[in-house]
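Engineer: Take this sequence and fold it.
(4 chains)
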There are 2 protein chains.
Amino acid sequence: MKAEKIPDIIVGRLPIYLRALQRMADNGLKTTSSQELGEHVGISAAQIRKDISQFGDFGKQGTGYSITYLLDKLREILKVDRIWEVALVGAGDMGHALARYQGFTNRGFQIVMVFDNDKEKIGQKIVGFTIEDTEKMVERLKSAGIKIAMITVPAQAAQSVADKLVQAGIKAILNYAPINLNVPAGVKVQYIDPSTHLQRMTYYL
Amino acid sequence: MKAEKIPDIIVGRLPIYLRALQRMADNGLKTTSSQELGEHVGISAAQIRKDISQFGDFGKQGTGYSITYLLDKLREILKVDRIWEVALVGAGDMGHALARYQGFTNRGFQIVMVFDNDKEKIGQKIVGFTIEDTEKMVERLKSAGIKIAMITVPAQAAQSVADKLVQAGIKAILNYAPINLNVPAGVKVQYIDPSTHLQRMTYYL
DNA sequence: TAGAGTTATGGACAAATTTCACAAACGCGA
DNA sequence: TCGCGTTTGTGAAATTTGTCCATAACTCTA
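Structural biologist: From the prediction side, this is the model:
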């Protein structure tokens, strides 16, 4: 085990392992090997062993890894051994879809607030949430101590939303708007843009 | 210019450049530099120059890059100098959001078919599309010659959908289901899973 | 036309990442 | 308890990726 600085590329693979392990656990499996896990996620066994061993000696020679133990450890490492409250900004089609999405809670997240700047939408309900005014967002997020937000507003509004989120103390942003965001160091951003993902594949067609 | 094998990691950055350049062009800009572009996308100028120069000498010393020219070249390289027809499988919340999304066409894609296996949904309309039966999907895709598909079905159904897509000759899959897909070589898959993206950030919180 | 300031290009170098290969550890059956 | 097959963890090698730097090309001003 070496608790040095972990490269981001390794951190990025951990959620993949976590997801696969969670699935194995759901299927009632008790142990797995780097070999088997690798086949599931399409990553070499050696790399998986190396990645995991960065955090500790979780495996056992001859047997492999205890799925539940490794799950616990990965959740702990990724800090999803708890439920994070998440704010959603943008109550359009994508925002609605995310608000209704059932797949967050067993992965460590829960949407607790939805914001929009459209006066028509403010006050309306999505699932259980009342859409709130973006104007009051900074205050609301601060007092609730929320650290994670998702942006599903149009591209031209995304940067100013991001600025407000930063101001409100948000430290992680999942951005669905097709634009790069400018945020200070210490704030993480992940991008989801289907067109970008598709374009990455058309090169090979 | 060197037309050797381009590393996937470079291919993956091209859509980012493309998106930023498209935005600059929309704002009426004519030229940019690796420096400026780098600030927009958060990548070092040196890396951008190196990436771009893999494909040809598109820049001009002292001036930088002509935005429209570079746009054309990148579109050509990524093969999005055309509109790709895309099939959408899964008419749930996410499928609906994607079907209504306006951001595909000016990035090289257009959804042309929507499938689902729910008898209740088949025949219903989303935007302009009539939801079709997954049973007839392979035949439909084959005869239409479609190469790209998006999967927005529940995780447990995703692999069998992927198998059908492969059988139908699909070569690129954008998978929204939170599960790794097993596909033969030659078929590309990109994953979009908000929980995974979020978990990648919580590590740093 | 000359000089100052920019900027791309390409090769050399450095850093990061992945793969390899093997000792050590473990489970199991005889 | 012994031997065999399996699997981890890890140092070392190989490969990939990123950065730096010297050079050349271009713009602009005067």
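Engineer: and residue A:16, what does it touch?
Structural biologist: Residue A:16 makes contacts with A:41, A:43, B:180, B:196, as judged by CB atoms under 8 Å, 6 or more residues apart in numbering or on different chains. C-beta coordinates here come from the backbone N, C-alpha and C atoms, glycine included.
Engineer: and if we set it to 6 Å?
Structural biologist: residue A:41 (CB atoms under 6 Å, 6 or more residues apart in numbering or on different chains).
Engineer: any idea which helix or strand carries it?
Structural biologist: Assigned by DSSP states H and E, residue A:16 belongs to helix A:8-26.
Engineer: That helix near DNA strand D at all?
Structural biologist: No: Helix A:8-26 stays clear of DNA strand D (CB under 7 Å from any atom of the strand), getting no nearer than 9.2 Å.
Engineer: Dump that helix to PDB, restricted to CA.
Structural biologist: Listed next in PDB are the C-alpha coordinates belonging to helix A:8-26 (Å, rounded to 0.1, in the frame of the first residue of the first chain):
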ATOM      1  CA  ASP A   8      -6.400  10.900 -11.900                       C
ATOM      2  CA  ILE A   9      -6.500   8.300 -14.600                       C
ATOM      3  CA  ILE A  10      -6.600   5.600 -11.900                       C
ATOM      4  CA  VAL A  11      -9.300   7.400 -10.000                       C
ATOM      5  CA  GLY A  12     -11.300   7.500 -13.200                       C
ATOM      6  CA  ARG A  13     -11.200   3.700 -13.400                       C
ATOM      7  CA  LEU A  14     -12.300   3.000  -9.900                       C
ATOM      8  CA  PRO A  15     -16.000   3.900 -10.500                       C
ATOM      9  CA  ILE A  16     -15.900   1.400 -13.400                       C
ATOM     10  CA  TYR A  17     -14.700  -1.300 -11.100                       C
ATOM     11  CA  LEU A  18     -17.200  -0.300  -8.500                       C
ATOM     12  CA  ARG A  19     -20.000  -0.500 -10.900                       C
ATOM     13  CA  ALA A  20     -19.000  -4.000 -12.100                       C
ATOM     14  CA  LEU A  21     -18.500  -5.300  -8.600                       C
ATOM     15  CA  GLN A  22     -21.800  -3.900  -7.500                       C
ATOM     16  CA  ARG A  23     -23.400  -5.800 -10.300                       C
ATOM     17  CA  MET A  24     -21.500  -9.000  -9.300                       C
ATOM     18  CA  ALA A  25     -22.700  -8.600  -5.800                       C
ATOM     19  CA  ASP A  26     -26.300  -8.200  -7.000                       C
END
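Engineer: Return the set of buried residues in that helix.
Structural biologist: For helix A:8-26, burial by neighbour count (16 or more other CB atoms under 10 Å in any protein chain shown) applies to A:11, A:13-24.
Engineer: where does the residue of chain A found nearest DNA strand C fall, phi/psi-wise?
Structural biologist: Per CB to the nearest atom of the strand, residue A:62 is where chain A lies closest to DNA strand C, at 2.3 Å. Per-residue torsions, residue A:62: phi 80, psi -20 (degrees, to the nearest 10).
Engineer: now residue A:126
Structural biologist: Per degrees, to the nearest 10, the backbone of residue A:126 is at phi -120, psi 130.
Engineer: name the element the residue lying closest to it once chain neighbours are set aside belongs to?
Structural biologist: Nearest residue to residue A:126 in three dimensions, chain neighbours excluded: residue A:99, at 4.6 Å (CB to CB, 6 or more residues apart in numbering or on different chains). Assessed by DSSP H and E, residue A:99 sits inside helix A:93-100.
Engineer: ditto for residue A:86
Structural biologist: Using DSSP H and E, the element containing residue A:86 is strand A:84-89.
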